[in-house]
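Engineer: starting from these lines, generate the structure:
(2 chains)
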Amino acid sequence: MFREIFLFELKYRLTRVSTYIYFIMFFAFAFFATISVGGAFRGANVVIGGAGEGKVLANAPFAVGLLISMLVYFGMLVIAAVMGNAGYRDFQRDTHSFFFSYPIRKADYFFGRFLGAFVVLVVVFLSIGIGAIVGSLMPFIMPEKFAPLRLIVYVQPYLIHVLPNLLFSGAVFFGLAILQRKRMPVFVACVAVLVGYLMSANLLMSLEAKVFASIIDPFGANTARYITEYWSVAEKNTLLMPLSGVVLWNRVLWSAIGVAMLVFAYVRFKPTFVTSERKRRSAVVDAEEHEVSTSYMTLPAATRQFSIGAGIRQLLGQTKIEFFGIVKNLYFVVIVVLGIGFIMVVGLENIGQIYGTTTYPVTYEVLEITAGTFSLFMLVIIVLFSGELVWRERDKNVAQIYDSLPVADWLSFLSKLGALVLVTALLLFVVMLCGIFMQAVLGYYNFEVGQYLKELYGLRFIELIWYCVLALFVQVLVNNKYLGHFVMVAFYILVVSAYGFGLQHSLYLFAEGPGYTYSDMNGYGHYLSSAVWIRMYWTAFSLLLAFAAHLFWVRGQEANLKSRLRYFTQRFTAGKRIVTAVSLIIFVAAGGYIYYNTNVLNTYRINKHVQHDKAEYEKLYSKYHGIAQPRITYVQTQVDIFASERRVQIAGNYLLQNRTDAPIDSVHILLQHLPTVYEISFSHSYMTALKDEKYRYYIYELEEPMMPGDTTTLTFHLEYTERGFKNNNPNVDIVYNGTFIDNQDYFPRIGYNREIELVEDHDRKQYGLEPRQRMAPVDDMQARMNNYVSYDGDWISLDAIVSTDKDQIGIAPGYLVEEWQENGRNYYHYVMDHRFINLYGFLSGRYEIRRDKWKNVNIEVYYHKGHEYNIDRFIHALKSSLDYFTEHFGPYQHRLVRVVEFPRYQEFAQSLTATIPYSEGIGFIARVEEDDVDYPFALTAHEVAHQWWAHQVVSADVQGATVMSEVLSQYSSLMVCRQEFSEKLVRKLLEHELDSYLRGRGNERLKEVPLMLVENQGYLHYRKGMVVMNALQDYIGEERLNRALAAYLKDFAYQKPPFTNSVEFLEYIRQAVPDSLQYIIKDMFETITLYENKAVEATFVPLDNKTYRVHVSINAKKLRADELGSENEIPICDYIDIGVLGEDDKELYLRKHLIDKPDMEFTFIVDEKPVKAGIDPYHKLIDRLSADNTMKVEAL
Amino acid sequence: MELAIKSLSKTYPNGVQALKNVSLSISTGMFGLLGPNGAGKSTLMRTIATLQEADEGTIQLNGIDVLKEKHKVRELLGYLPQEFGIYPEVTAEHMLDHIAVLKGIHNKKERKTLINDLLHQTNLWDLRRTRLGEFSGGTKQRFGIAQALLGNPKLVIVDEPTAGLDPQERNRFHNILSEIGEHVVVILSTHIVDDVSELCTNMAIIHEGELLLTAEPLKAMNELKGKIWSKVISKKEFPECGKKFEIVMTRLFAGKIVIHVLSDNRPDDTFKMIDPELEDVYFTTINKNSAPVTA
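Structural biologist: Here you go, the predicted model:
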């Protein structure tokens, strides 16, 4: 019997078209994901698990596992559909009354159905693995992105992910369907399960909860992420997911829960016709109806109206009914409550987390998080309930009555659309309340209701209406509820992933075109006009869709193509034709205007085009790389910023000098942002030898060559104007409020610029370019003739006039010498007389100014009104930094230091000379609580440190260049923080840096290098840099290290080419390190060294004199990693902290012991009751598992 | 009120020819559409009720082209489908009110009076606040007729309304229908011959998509007068009788078989002449067009 039921379920599924559609869809997703990650599409930017860029292979076990588990996660809807159908089909079709009367055992029925569906799902999901394998065998992929096929790589994810997940989710869905005898609970459970996943993903973000989050994830995806978070590239490419530890526990736990739920459902399942409750109810009614009335009268007459007005009244009434039909639906309420819960969890957990500290919940940020996370729920609701709405009459079998009523054809569709739109409006209101509620909870009371309304109802609502129309349209056209759901999900995935394939034009990306960023400083700024036009365009399109849906709307019994076409012709009346035509005209006109802006006024450039241009530029001009060119030594400029027009005019002179020892007969000039060129001329007589207007590369031949030491003046006059709007990557430098341009992007560059070359090897290969050395070798003497900040100037001075709109302030690095108004504009004259590195910028905005003073140094903070929160912190950090750095490193070269805010389109702070532009997105809205790392303080100290490390001593443009800028600034900042923060917070900061470094290794795109050879890699020079420097100062002492740094600075500040490198720098360190510790230089700077240290046993005995004898055994292991992270163990002979900690991590004993054997034991006497003991208790060394360094000390 | 159906044909995509060149004229009064299950009755009814298209032919209702001017038809229509559902969570009163609005009755007072009357007439008054999900088969059917009668329809179509009703319910239902039938066109489709004989002034027999007979039930019965002969036989005798006589219908009676035979003369002495019933008309008509009856 079981066999028959099982086989029937299989055969039933095999007769359904949907089964094949699922199979093909998953196959196609896996196939296309694999080939695009495998480099089949030029310019496509598809990354899965790090594969698709860098060195992670497209069929790396890590990437394959992620692909399969991700697609199965999206396949939850399919699991719900198939399992739900197996469970409730007999109730839906009323066939249960037969089945339950047959002599079959309950178990046969229950498990036959379940296993049948289970096997079908396994087969459907096998298509993912097959698709991935077939993709990896295609001829048009890049072979170097694939390892030889290993079947186990594809099989293992099924064992670890697919089967247990299927068991768990299948049991939930099947159990619900068969117990509830309905479909809706299944879909609600589906949403709940998906949310559970997202929630645990979120929990994983906070460092402490990782293990917990890994256990509670029903799909084990977070578990996998947790296990692999510090995996290096080599490990990602070779290791299978280890089925042990949390992974094993998670899988066992959730499989067991799945089995338990199945058993529970089996026990509760009663194969009876109706539940007892229902029986009783209808019996009551039967009893009531025995009185028979036999008096028949004729019915009173009633006026009937079929006017338009009556139709509108019907529409309103019907819309109301449909709306409340959704809102009162229990499942709707459940989904909304889930959504609200999710917003709260995500929002309160996540609003602006940097270094574990929060930012103020400013409205735009709350909106991005709440509306962003809730939009998924909105789409779920739209997709689910569009199906319910379209099928309501037919599901309840009242369609025949409804369809024969004398109402207009549009009534049904329009009332359902209206109801769905009202529901989204209601949900947006819920989002707003959630946002305001969260702000209040977080103690932020500046409720910008206007901003909420603008964002939610002005911009997002319209997009959601498109989705409402589309979902109904699909339901009407597909005319199969479940297929309709699936089509919508597939459509959504396609649209969302299209971007990665280089399909990025908002003219065809439905509701997912390039978005916008709100900034407190600049509002919606230049994004607004494109957002409005795009909304007009797609709204017109949605109107057309709505018309189509109405015209094809099924009324009556027939839904085949022929009758659909008949409906269409019958309903397409003259009036509708006119409205359709008008919509079409708006659609075409808006589309045309968008096209005019994106492709005519501006150039439509996606990644592919940018790459192509970079490759062409390199092919044409890289032959000029390294040729002798004169240097910029002095800049005199006038920058006129017309903020309200988004226009900037730059006029100026460079004083160029031939600092080589050979004559120079031609000057090469590169312009980068396609300005209008009014003038480029030289004080020498010259002729134009090359004028490449496409790549803006110009070569001027000087009639008389510049002899060594000669100077000439280059005069230039350029204009940058933003016209209309671009499709993507708008210019975010020249904006209405908060313009920030720098010389490296907007001023003429002298000579060939290597920095804008195509970087990634696989991109280069596609354009026929050789792999590129990321940086010149550390001792490359030719490269050492340039500093790493600027290749066309060394030390310069600046004289700049900045003019801007009358309500804005213009800023340039330097001392303000004069300020005036002219033609309704503000003018500022700045002079920087002290020589500085060839990097400067200009800012303009409506600023408030806070002034302060440190000794003879003026402190100025330019900020956006309303962003006063952290100005005191900035000023405090500036002063503390100046104190520490002047005391330990050397004098500050300027009489001025400024912090200037700019819009959040880019999130960084940058140290120009005496001027620190600082993004509004970081620091300005930071909210530092009692126990938080004060990162605005740390970041400001870092930027101030650059005034020494980069602005006084600057490295050559070779490997290791950022050791002497970023690494030393990180160190300097850390030392200022040490004075300011508690030990505990310093450790928190360092733990964050260590975590970021270890994580960064796995995302390395080319190769990890030893720190002294760092190639401008952030995770090395910032993250590892701080960790290593902290250990270094711990080993040799702060004073000693600072003396070495000061000596180095003194010897190399303001040097002329050739510039210094990390080899020279390390000599100063080497001299400061005692002989016994010389090995640390090798470990820290010259190699990639990791430790696996752990405490093995720790016990204590209380002694008589209130002291305690602690005994601790440790195990230590030292590893060397190569550039992709393959490791080798090496013998250990290191001095490492052995420590005993008391309450609150108080240090009871801490000393460096020579660890020369892997296993060692120590005994100490301490004065207070010990809590923890072990090796390297404060995590000074690089160790992936810090938690096991210490363990609880047990009493003997 | 005059409904004229001309050469109506319909073939479903699966090849089933549901209607074959059906022409029919129906005027005010009860019209019975009789035929076995699957004869094409519901197809014809749904086509008249604007829910389905025909491949060929026309339907005219007082000059309205039913197949094209659907909206005008719907304004005059009251339709009770063969099978229909209800919104289980809505009360009878609320649902009727809603449908009344959709039928264009916008005046609240009028609507209220109308619905109250209708609830009384269909004997649903006591159940008006009951949720439809709790209705039994009979009450649900009465609710169905109530919704069909909303808005004083001129054309009422009821498709197999008495299937599944107990005799008392059926009786009650017939009373309501005959009442309505005095003023408007009522088309009643059924496979139960008694429904037609009890109610209808006119009838048609439809079988395998073909219209076999249009007649007044009384006249049709009269035409068979003197030609229907009856005899009680045992089961053993049946095969032989089947060969010898043209059996119109058989009926079991107390374990034996009563056969009706069509013959101009008395087949033999054992037969006695009976007054033809409508069933005899029905089976005579059907049998002429299909394989002989077997037991």
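Engineer: name the helix or strand of chain A that has the lowest mean pLDDT.
Structural biologist: helix A:276-288 (a mean of 43; mean pLDDT, DSSP states H and E).
Engineer: can you list the low-confidence ranges for chain A?
Structural biologist: Scanning chain A for pLDDT under 70 picks out the ranges A:42-46, A:49-50, A:52-53, A:196, A:198-209, A:273-299, A:345-346, A:348-357.
Engineer: for chain B, what's the nearest residue on it?
Structural biologist: A:Asn397 (2.9 Å; Cβ to the nearest Cβ). For glycine as for every other residue, the C-beta is placed from the backbone atoms N, C-alpha and C.
Engineer: tally of neighbours for that residue?
Structural biologist: 13 (other Cβ atoms under 10 Å in any protein chain shown).
Engineer: go ahead and confirm it touches B:Gly85.
Structural biologist: Yes: A:Asn397 is within contact range of B:Gly85, at 2.9 Å (criterion: Cβ atoms under 8 Å).
Engineer: for B:Asn21, give me the pLDDT.
Structural biologist: The score at B:Asn21 is 93. That number is its pLDDT.
Engineer: how many other residues sit next to it?
Structural biologist: There are 14 residues near B:Asn21, going by other Cβ under 10 Å.
Engineer: what of A:Leu1020?
Structural biologist: Based on other Cβ under 10 Å, the number of other residues close to A:Leu1020 is 26.
Engineer: that's a strand at A:Thr223, yeah?
Structural biologist: No: assessed with DSSP: H, G, I helix; E, B strand; the rest coil, A:Thr223 is helix; it does not lie in a strand.
Engineer: give the contact list for it.
Structural biologist: Listed by Cβ atoms under 8 Å, 6 or more residues apart in numbering or on different chains, the contact set of A:Thr223 reads A:214-215, A:217, A:246-247, A:250.
Engineer: for A:Asn480, state which of the residues you listed is nearest.
Structural biologist: A:Asp217 (33.2 Å; Cβ to Cβ).
Engineer: measure that closest one to A:Ile227 for me?
Structural biologist: A:Asp217 sits 12 Å away from A:Ile227, going by Cβ to Cβ, to the nearest Å.
Engineer: higher neighbour count, those two?
Structural biologist: A:Asp217 (25 against 20).
Engineer: isn't the more buried one up against A:Lys210?
Structural biologist: No: at 10.9 Å, A:Asp217 does not count as touching A:Lys210 under the criterion of Cβ under 8 Å.
Engineer: residues near the residue lying closest to B:Pro13 once chain neighbours are set aside, how many?
Structural biologist: Nearest in space to B:Pro13, with sequence neighbours left out and distances taken as Cβ to Cβ, 6 or more residues apart in numbering or on different chains, is A:Asn560 at 5.8 Å. Per other Cβ under 10 Å, the neighbour tally for A:Asn560 reads 13.
Engineer: tell me where the stretch 651-800 of chain A has strands.
Structural biologist: Here the stretch 651-800 of chain A has its strands, by DSSP state E, counting those that start in this stretch, at A:664-670, A:676-682, A:686-692, A:697-706, A:711-721, A:739-742, A:749-750, A:793-804.
Engineer: need these in CSV (columns: distance to A:Glu388).
Structural biologist: Converted to CSV, those look like this (distance: least, Cβ to Cβ, whole Å):
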stretch, distance to A:Glu388
strand A:664-670, 60
strand A:676-682, 57
strand A:686-692, 61
strand A:697-706, 61
strand A:711-721, 52
strand A:739-742, 51
strand A:749-750, 61
strand A:793-804, 56
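Engineer: dump the residue contacts of A:Ala256.
Structural biologist: Here A:Ala256 is in contact with no residues (criterion: Cβ under 8 Å, 6+ apart).
Engineer: Provide the secondary structure category for it.
Structural biologist: helix.
Engineer: thinking again about what came up before, possible to save the strands of the stretch 651-800 of chain A as TSV with mean neighbour count and distance to A:Pro300?
Structural biologist: Output for those, formatted as TSV (neighbours: other Cβ atoms under 10 Å in any protein chain shown; distance: least, Cβ to Cβ, whole Å):
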stretch	mean neighbour count	distance to A:Pro300
strand A:664-670	20	90
strand A:676-682	14	82
strand A:686-692	13	89
strand A:697-706	17	90
strand A:711-721	18	76
strand A:739-742	22	76
strand A:749-750	22	91
strand A:793-804	22	79
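Engineer: domains of the chain?
Structural biologist: Chain wasn't specified; assuming chain A. A:2-274, A:308-517+A:535-549, A:627-751+A:790-949, A:773-789+A:950-1085, A:1087-1196 (automatic domain parsing).
Engineer: hmm, no, I was thinking of chain B.
Structural biologist: Taken from automatic domain parsing, chain B resolves into B:2-215, B:224-288.
Engineer: could you identify which of those is most buried?
Structural biologist: Most buried of the domains of chain B, by mean neighbour count (mean count of other Cβ atoms under 10 Å in any protein chain shown): domain B:2-215, with a mean of 20.
Engineer: how far out from the middle of the chain is that domain?
Structural biologist: Centroid separation between domain B:2-215 and its chain, computed with Cα atoms, centre = their mean, to the nearest Å, is 9 Å.
Engineer: what lies in contact with stretch A:17-29?
Structural biologist: Taking Cβ under 8 Å, 6+ apart as the rule, stretch A:17-29 contacts A:13, A:71, A:75, A:78, A:81-82, A:120, A:123-125, A:127-128, A:130-131, A:134, A:482-483, A:486, A:490, A:493.
Engineer: quick check: the residue in the stretch 1-150 of chain B that chain A sits nearest to vs A:Leu494, distance?
Structural biologist: Nearest residue of the stretch 1-150 of chain B to chain A (Cβ to the nearest Cβ) works out as B:Gly85 at 2.9 Å. For B:Gly85, the distance to A:Leu494 (Cβ to Cβ) stands at 36 Å.
Engineer: now do the strands in chain B.
Structural biologist: B:2-11, B:17-27, B:29-34, B:56-61, B:64-65, B:77-80, B:155-159, B:185-190, B:202-207, B:210-215, B:228-233, B:247-253, B:256-262, B:272-273 (DSSP state E).
Engineer: now these as a markdown table including distance to chain A?
Structural biologist: Converted to a markdown table, the strands of chain B look like this (distance: least, Cβ to the nearest Cβ, whole Å):
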| stretch | distance to chain A |
| --- | --- |
| strand B:2-11 | 10 |
| strand B:17-27 | 11 |
| strand B:29-34 | 15 |
| strand B:56-61 | 13 |
| strand B:64-65 | 12 |
| strand B:77-80 | 4 |
| strand B:155-159 | 8 |
| strand B:185-190 | 13 |
| strand B:202-207 | 18 |
| strand B:210-215 | 21 |
| strand B:228-233 | 35 |
| strand B:247-253 | 26 |
| strand B:256-262 | 31 |
| strand B:272-273 | 38 |
